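A.B. asks: What follows is a protein structure lacking sequence information:
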């Protein structure tokens, strides 16, 4: 199953239909992206499911429907097991950003985490899942494909939020606070935490 988010609601690529009346089930050959996005903007629609046997093939077809922006980021853990979050646009998020031309995706993730939070001594421990979300910029819909990595930081330096990117806070959040901030996270971030 793959989930592509728009307005925090998923377009799910799967081989399983939903019986929920608030979910639209559709075959890819009948799928219309503009209509789907319009339907997701309605409050009574919780998700759209694109149904098919070969989910990987359907995802590849879907990814060709929109111009893509490639990004990478990190779910960073410190020595206490706390997770590094940023606060931007009234939402808690994980640090991430766009890949630069010819930049290795793992290098993008490390660079973006450092730039957005000021954290140092980062080591990638494993890749995490890829997230997808659709957004509109300059009257054009785009698809952000974000590659995520779990990272560790042994540093205990002061965190410095990248204010010029609209980040107002960078904080280590412990397990007892995670449920509280999940409510103010994007759906694709909740998948990672």
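C.D. replies: Cool, the structure landed. Here the structure is a predicted model, which means the values were calculated and not measured.

A.B. asks: drop to CA atoms for contacts and neighbour counts, all remaining ones
C.D. replies: Fine.

A.B. asks: The longest strand that the chain contains packs against which elements?
C.D. replies: Determined from DSSP state E, the single longest strand within the chain is strand 122-137. Identification of packing neighbours for strand 122-137 by 3 or more CA pairs under 8 Å, 6 or more residues apart in numbering; DSSP states H and E yields strand 2-6, strand 140-153, helix 187-192.

A.B. asks: Put together TSV for those, with mean pLDDT, mean neighbour count and distance to residue 171 on each row.
C.D. replies: As requested, the helices and strands packed on strand 122-137 are exported to TSV (pLDDT from 0 to 100; neighbours: other CA atoms under 10 Å; distance: least, CA to CA, whole Å):
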stretch	mean pLDDT	mean neighbour count	distance to residue 171
strand 2-6	96	21	25
strand 140-153	96	20	13
helix 187-192	92	16	16
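
A.B. asks: Rebuild the ones you listed as CSV, extending it with distance to residue 54.
C.D. replies: Below are the helices and strands packed on strand 122-137 laid out as CSV (distance: least, CA to CA, whole Å):
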stretch, distance to residue 54
strand 2-6, 11
strand 140-153, 20
helix 187-192, 23
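
A.B. asks: Quick check: buried residues in the longest strand of the chain?
C.D. replies: For strand 122-137, a neighbour-count test (16 or more other CA atoms under 10 Å) marks 122, 124, 130-134 as buried.

A.B. asks: What of stretch 22-37?
C.D. replies: Neighbour-count burial for stretch 22-37, with 16+ other CA under 10 Å as criterion, is recorded at 23-26, 28, 31, 36-37.
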